[in-house]
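>>> show me the folded form of this:
(chains A and B)
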Amino acid sequence: MLKQINLIFQKEFCSFFRTRLAYFVLGIYLFLSMFCTFYLGLYFDIINTGLFSFFYFQVNILMLVVPALTMRLWADEYKTGSIELLLTRPLSYTSVVIGKFLAAWGLCLLMLVCTFPLWLYTAAALPADNLNIAASYFGCFLISGSMCAVGCMVSAFNKSPIVAYLGSVLLLTLLIIVNYNFIFNGLNLSGSLIIRFTQSLNFFYHQSTLLNGQLGLDNIIYYASITVLTLWLNRITIEYKRS
Amino acid sequence: MQKSTIQKIQNSIIICLFALLLLASFILINTTSGALFSGSRADLTSDRLNTLSPRSEEIIAGVNKPIYVKLYLSSQISRQNPVLAQYAQNVIRLLGRYQDKSGHLIKLEILDPEPYSNIESEAKAAGLVPLADSKTEKLYFGAVFSDDKGRSYSIPQFSPQRLNYLENDLSRAVSNILMPKRKIIGIASDLPLVNSGFMNAEKKQNWTFVNLLAKDYTIAPISTTTAEIPNVDVLIVVATGKLPSLFIYALDQYILRGGRLLLIVDPASEVKKRLHPGIPDEKLNLNALLDNLGIHYISEQVLGDREQAVEAFFAATENTDARNHIYYPWIKIKAPHLNPQSPLTAGLNSIFLKSPGAFALKDEDGHTAESLLVTSENTMLTAADLVKFAPKADVLRYMDVKKQAYSAAALSQGSYHTIFAKNPLENSAYAKQILPFLTTSVAPAQIIAVSDSDILDVRNWTESENAGDYAENDYNLTPVNNNFDFIQRAVDFLSGNSGAMNVAAKKYGGSRQTLADIFYQSGLKTREKAYKEINGRLEENQRKLDTINIMLESNSAFGTAQTLGEIDALKNKIRQEKNELRRIEYQIKSEVTHREHMVALINTVIVPLLLLLLIAAVHLWLSHRNNTRARRLINE
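So this is what the prediction gives:
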């Protein structure tokens, strides 16, 4: 199984670079991240020991960039018909789904690593809170993983990469902006059990907790469960379509 | 219906059911993990910003009735200002911690004060201050704590600059609601601490530390000519010169009646020197009173400390250039010289004193004296007059090394005898109007004596740009040391509000700078000499002008043509010097802006391009290697 996953991972990861998509996405991501950090995030004017200016925009940027990575993972296979070729090979559906997902997630990791020069510069100029920054990077990595999984799932539904991209962005936007607390805010239930339950389903709550240097098991479980759930749905979709 | 269609429908139903099952399990897993683990998180900030200190937990443990926290947060803030949006999340999360720790007795409610709404009016009425940068509409970010009895405490504005003090502010608000009664603090001083208009008639306001104390206590100014201290819970006396004998009698009797006194004496007050330039003062006359408390005041001597001294600016002289140099009478007292055993100083980081006086302690029958702030063994003493009037370089030259530690603050508590052999007012008109003369204590008293009045000056404990003698926005102050914390703790301790004694801040100034500040400081460093020289000249001329104005106001000089000419000349010089300073500041700011643009450009364009080139190069090299390998295999 691991061999199969590794095979698919290598194939997909290399194809990002062969098709120049990786360069395009990396370039856009780095430009947007740095632009937001320096020109919208008041990088020079706030106490940036935890790189707040950078991490504040990461979720929004990843929400736009990650679907660009995942849009063609399945949609292209359907479009070109190579899905038949892929699925008739002696590979399990699960390993194909995981392999493709890991390739996209791996590229996300590369994207985050490419922003390390900013961390280095900040740490040289300021007494940076390196532990906090490392935790925030870990948070971004988890968030990008769940976004990759959502993107893969949406791509599996479509033949057109453009539709897959737009669908992923829409779904991620909904996932991020929907704050279930609003439903109960008018009822003045502050602090009650129901608020705490709904809070644990809010993407924004987990995201802000992680990016503020607070790591809890519930955050990891939340993102892991989104990833597992969407990858499972991805697998079912492939299986269903194939049948 | 065909069999295959039925099969398809069945499959679809199964898949839908399966998807619903997955969704349900997703909700179940996350709500359960939220309920189980949301209270226990690893705090991955080096300053432990997300962890409540034991002191806060103690305060929260004392909550036994509901406390309602209304957080007024304009929704526009998150759209307009990412920094405030980020900080708002910090505040909400920390308040959430208070809520959880109190078993939900602290009830948090987040309100959006939309313009012209009832909630906005409510926020205004509660004393919340709109954010300064809101142009078209007023944006609010503050909180009101209240209880069922209608008591309330407002935090007018949350400022990101006070990140390190956030927990301190919240715990203080909670403890204030728990406080049974608002206590009265009397302030008597020969400095214009309360509602004064000294030298500047339109600027009649309290010193910043008084405003901050007024959040928790009722402040009552007390005259230094009174023969009897009115009924106050704590008395703060600041003496930088001779006090009237009648007032010393009042203090003596106040102590014997079990008074709570924060006595600040100063043989060489630098803040007074700045405010009252050129006016000589008579020497302190509180030695007998202090001796009686077991605190021997070393008359007219100023402390220096080689180990704990900080740098000061030395003006240019005939032989030397202007420079920064260690100045022994300016002392930053740090642990372990802040008594770790006393609740007044435990957990504090540093206290900055400017030319403090020296105390030597002695325990006597009936009362004890305990050091709070002590110098190191490398202590020096010098005459107070030298510090007041001689250049700093001369002060260093004439400091005597005393291999002995002295106290700069002490706590004395117990019973005392009067310092007077007999009632000094026996045959005066006052005798019948005031309480009878006591020769010995009728109740134990508590006295905290501090030997420096500069500890109160906001310039010595904040990095706020507003910090003058008075700070306009007290809620925006960023302390750089614990001077105010110490004063606040002293007042809390003396007033019996030990439950409210403040939570020490997580970290102090200096290391929490913005990059713009760092760029500005490095730009300033290259022009430091010129800047300080002009600034020194400006201060000198301003002082001369103030002295002439005071003399004119007090009628000790007449407005002759020569005096008026002198005033004009000084004003011209001051104008020129201010222009020069502005020019230097403009140059530095231009440099800072240029540097910021360069850093932004390099990080936004050049670094990403270089990284992409590097990745492309690695990709090409790997492809080339694989191709070569493949070709070799084919050939073989």
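
>>> mind listing the helices for chain A?
A:2-18, A:21-35, A:52-80, A:82-87, A:93-113, A:116-125, A:130-157, A:161-177, A:181-185, A:193-199, A:203-210, A:217-242 (DSSP state H).

>>> please identify which of those is closest to residue B:311.
helix A:116-125 (23.1 Å; C-beta to C-beta). C-beta: built from backbone N, CA, C; applies to glycine.

>>> adding mean pLDDT and distance to chain B, write the helices of chain A out as JSON lines.
Output for these, formatted as JSON lines (pLDDT from 0 to 100; distance: least, C-beta to the nearest C-beta, whole Å):
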{"stretch": "helix A:2-18", "mean pLDDT": "87", "distance to chain B": "5"}
{"stretch": "helix A:21-35", "mean pLDDT": "93", "distance to chain B": "4"}
{"stretch": "helix A:52-80", "mean pLDDT": "89", "distance to chain B": "5"}
{"stretch": "helix A:82-87", "mean pLDDT": "80", "distance to chain B": "18"}
{"stretch": "helix A:93-113", "mean pLDDT": "93", "distance to chain B": "8"}
{"stretch": "helix A:116-125", "mean pLDDT": "92", "distance to chain B": "5"}
{"stretch": "helix A:130-157", "mean pLDDT": "92", "distance to chain B": "4"}
{"stretch": "helix A:161-177", "mean pLDDT": "89", "distance to chain B": "12"}
{"stretch": "helix A:181-185", "mean pLDDT": "54", "distance to chain B": "8"}
{"stretch": "helix A:193-199", "mean pLDDT": "67", "distance to chain B": "4"}
{"stretch": "helix A:203-210", "mean pLDDT": "81", "distance to chain B": "5"}
{"stretch": "helix A:217-242", "mean pLDDT": "88", "distance to chain B": "4"}
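
>>> reformat those helices as a markdown table; add mean neighbour count.
Formatted as a markdown table, these follow (neighbours: other C-beta atoms under 10 Å in any protein chain shown):
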| stretch | mean neighbour count |
| --- | --- |
| helix A:2-18 | 16 |
| helix A:21-35 | 19 |
| helix A:52-80 | 23 |
| helix A:82-87 | 14 |
| helix A:93-113 | 21 |
| helix A:116-125 | 16 |
| helix A:130-157 | 24 |
| helix A:161-177 | 18 |
| helix A:181-185 | 15 |
| helix A:193-199 | 17 |
| helix A:203-210 | 23 |
| helix A:217-242 | 19 |
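
>>> could these go into CSV alongside distance to residue B:175?
Below are those laid out as CSV (distance: least, C-beta to C-beta, whole Å):
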stretch, distance to residue B:175
helix A:2-18, 57
helix A:21-35, 43
helix A:52-80, 30
helix A:82-87, 66
helix A:93-113, 43
helix A:116-125, 37
helix A:130-157, 29
helix A:161-177, 38
helix A:181-185, 29
helix A:193-199, 26
helix A:203-210, 27
helix A:217-242, 31
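
>>> tell me which residue lies nearest the centroid of the chain.
You didn't say which chain, so I picked chain A. residue A:144 (2.0 Å; C-alpha atoms, centre = their mean).

>>> chain B, not that one
Short answer for chain B (C-alpha atoms, centre = their mean): residue B:479, at 3.3 Å.

>>> wait, it sits on residue B:488?
No: distance between residue B:479 and residue B:488: 10.7 Å, which falls outside the contact criterion (C-beta atoms under 8 Å).

>>> ok, longest helix in chain B?
Under DSSP H, chain B gives helix B:561-601 as its longest helix.

>>> check which helices and strands that one is in contact with.
Where contact means 3 or more C-beta pairs under 8 Å, 6 or more residues apart in numbering or on different chains; DSSP states H and E, helix B:561-601 is packed against helix B:515-526, helix B:528-553.

>>> could I get the ones you listed as a markdown table with mean pLDDT and distance to chain A?
Shown next, in a markdown table, are the helices and strands packed on helix B:561-601 (pLDDT from 0 to 100; distance: least, C-beta to the nearest C-beta, whole Å):
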| stretch | mean pLDDT | distance to chain A |
| --- | --- | --- |
| helix B:515-526 | 85 | 4 |
| helix B:528-553 | 79 | 20 |
